[in-house]
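*Asks:* how would this look folded up:
(one chain, ligands or ions: 2)
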Amino acid sequence: MAKNDKKEAAEPNKLAMIILAAGKGTRMKSPLPKVLHPVAGRPMIEKVIQASKKAGATDLRVIVGHGQALVRSVVEPMGVSCFVQENQLGTADAVKAAQVETIEGDVVIMNGDHPLIEAEDIKKFITLFREEKCDLAVVTAVVKKPGEFGRIVRHKGDLKAIVEAKDASADTLKIREINTGIYIAKAETLAEYLPQIKNHNAKKEFYVTDLISLCIEDDCKVMAIKASPKVAVGVNNQQELAHATKLLFKRKALRLMEDGVLMIDPASTYVEESVEVGAGSVLFPNTFLRGSTKVGSFTVIEPHVFMSDSEIGDSVQVRAGSYLEQAIVHSRASVGPYARLRPQTTIGEEAHVGNFVEMKKVKFGKKSKAGHLTYLGDAEIGEDVNIGCGTITCNYAADKKKYQTKIGNRVFVGSDTQFVAPIEIGDDVVIGSGSTITKNVPAKALAVARGKQVIKENYTPKAPAQPKSEE
Ligand code: UD1
Ligand code: MG
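*Replies:* Numbering: from 1, shown residues only. Ligands and ions are numbered 1, 2, ... in the order given. The predicted structure is shown next:
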């Protein structure tokens with residue numbers, strides 16, 4: 001061990017977190033490991049890890065087992081250490097897999113299936129645990145429907161034990177104070193009592209919940225920390241997954257409204273936690289804002305817009321039915337209705353992208369317009385350009401390579417033009433409608449490339465003579 005590590009390990013109040021994520025999630029009835037199921041767009045385990053990090057955990061240990069390769073691929077890039085639980089023998093066995101004897105200080109144990117947990121909650125629990133100088137604490141909540149949760153059993157108000165629903169008597173099942181699956185313990189308490197847990201229960205599993213009664217019997221200081229019912233929202237089946245997603249979207253919507261975002265119907269507006277929206281912007285129903293999307297102020301996002309990892313400036317109109325991925329739209333531009341902006345597309349200030357326009361890898365200049373029915377791919381388009389209806393950049397060639405189209409400033413492109421890339425059009429050019437442009441056009445020129453109109457007067461043929469009918 002390096003000198004520095006030793007010093008760090010000796011620090012009091014160091015915070016470690018153990019997140020249990022090895023279970024199969026049988027009740028999900030899905031081939032995906034439970035903790036990878038998405039809640040409001042992200043794997044639920046990611047949310048638990050983010051909250052743990054934000055709460056100040058320096059040593060984060062995730063217990064993996066079932067589907068571990070997949071689970072690792074999501075959690076390891078987040079900088080956590082994975083510990084393998086070979087057989088899923090229960091939550092106590094999972095905690096053991098974290099090698100608690102190598103931890104010093106306080107340890108928070110959490111189930112990986114509680115995606116609504118937030119850093120502020122965890123911080124509060126730790127503060128209480130430390131203030132009360134506890135050896136062990138369990139976070140509880142009083143809920144309307146305790147269902148399959150472990151019940152908090154008290155005697156004359158004092159905490160006694162946690163009893164799992166499967167092992168509970170009819171009377172115990174009536175208890176509405178439940179175990180949220182969050183525990184805080186001194187590392188040495190865990191090391192001492194985990195090995196004493198037996199699997200004498202309905203599921204023949206080693207339950208981490210048995211720590212409570214074991215520690216109480218041994219006169220340790222054990223506390224129940226009562227939290228709000230939202231901390232108890234866990235995911236064990238598809239219904240609970242949908243419910244958790246709904247609650248997370250609702251929470252985000254409420255926060256956005258607190259920050260001055262206008263919503264017509266928050267219940268049908270789906271903004272992921274990571275998204276930022278500026279005050280004074282309006283979100284219509286059925287908009288999906290995902291990932292690293294950032295929306296400025298006074299921008300309007302109309303119904304049925306799907307947007308991921310995009311950056312939208314101030315006073316932008318994204319009109320109904322538009323689909324944007326990794327796109328940048330600068331201030332006062334308008335996009336849609338029914339526009340598709342594919343990755344690496346940038347729309348300049350005050351530019352206009354109209355209906356049924358698709359762009360991919362396009363730099364579209366300030367105040368330029370592509371009003372209707374157009375495909376632009378691998379193109380750089382200057383400022384103040386007019387792209388006529390039905391224009392196409394032919395960027396993909398028979399050699400299966402992509403080629404660039406470059407159009408200067410103030411170019412007027414007539415309707416139904418094809419640019420056969422690679423091609424360059426200078427500034428102030430006019431392209432006649434219906435042209436297929438295959439050669440570069442110098443600045444200020446007119447280019448027309450279409451079949452010439454031929455007029456043949458009096459061309460309409462005479463009606464053929466009718467054969468005479470025989471009498
Ligand atoms: C558990 C608690 C219950 C509590 C509830 C809160 C136990 C015995 N019961 O029940 O008191 O009310 O959480 O949501 O702890 N896991 C492993 N390895 C295993 C088994 C489970 O890593 O061998 C992981 C799972 O992936 C999951 C977590 O532990 O993330 C909890 O397991 P789960 O089966 O969902 O426990 P519950 O029945 O919900
Ligand atoms: Mg659970």
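*Asks:* ok, R342 to ligand 1 distance?
*Replies:* 37 Å (Cβ to the nearest ligand atom, to the nearest Å). Yep, even glycine has a C-beta here, placed from its N, CA and C like the rest.
*Asks:* an error on my part: the question was meant for I407.
*Replies:* Taken as Cβ to the nearest ligand atom, the span from I407 to ligand 1 is 55 Å.
*Asks:* how many residues are close by that residue?
*Replies:* I407 is flanked by 27 other residues according to other Cβ atoms under 10 Å.
*Asks:* for the residue nearest to P195 when sequence neighbours are not counted, which residues are in contact?
*Replies:* Among residues not flanking P195 along the chain, K96 sits closest, at 7.7 Å (Cβ to Cβ, 6 or more residues apart in numbering). For K96, the contact set (Cβ atoms under 8 Å, 6 or more residues apart in numbering) comprises L194, P195, F206.
*Asks:* is stretch 79-98 anywhere near ligand 1?
*Replies:* Yes: counting by Cβ under 6 Å from any ligand atom, contacts between stretch 79-98 and ligand 1 involve Q85, Q88, L89, G90, T91, D93, A94.
*Asks:* tell me where the stretch 301-450 of the chain has helices.
*Replies:* For the stretch 301-450 of the chain, no helices turn up when DSSP state H, counting those that start in this stretch is the criterion.
*Asks:* residues in it within reach of ligand 2, list them.
*Replies:* Contact residues, the stretch 301-450 of the chain versus ligand 2 (Cβ under 5 Å from the ion): none.
*Asks:* where does the stretch 301-450 of the chain get nearest to ligand 1, residue-wise?
*Replies:* As assessed by Cβ to the nearest ligand atom, ligand 1 sits closest to S308 within the stretch 301-450 of the chain, at 27.7 Å.
*Asks:* re the thing from before, of the residues of stretch 79-98 next to ligand 1, closest to ligand 2?
*Replies:* T91 (9.1 Å; Cβ to the ion).
*Asks:* how close does the nearest residue to that closest one once chain neighbours are set aside get to ligand 2?
*Replies:* Among residues not flanking T91 along the chain, V208 sits closest, at 4.0 Å (Cβ to Cβ, 6+ apart). As for V208, its distance to ligand 2 is 12 Å (criterion: Cβ to the ion, to the nearest Å).
*Asks:* for V208, give me its contacts.
*Replies:* G90, T91, A92, A94, V95, I109, Y183, L194, I197 are the contacts of V208 under Cβ under 8 Å, 6+ apart.
*Asks:* turn these into CSV, columns for neighbour count and pLDDT.
*Replies:* CSV is the format used below for the contacts of V208 (neighbours: other Cβ atoms under 10 Å; pLDDT from 0 to 100):
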residue, neighbour count, pLDDT
G90, 22, 96
T91, 26, 97
A92, 22, 97
A94, 27, 98
V95, 25, 98
I109, 25, 98
Y183, 27, 98
L194, 21, 97
I197, 22, 97
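*Asks:* could you work out the most separated pair of the residues you listed?
*Replies:* G90 and Y183 (14.3 Å; Cβ to Cβ).
*Asks:* the residue of the stretch 301-450 of the chain closest to ligand 1: how many residues sit nearby?
*Replies:* 19.
*Asks:* now L241, nearest residue through space, not along the chain?
*Replies:* L241 sits nearest to V235 (Cβ to Cβ, 6+ apart), 5.0 Å away.
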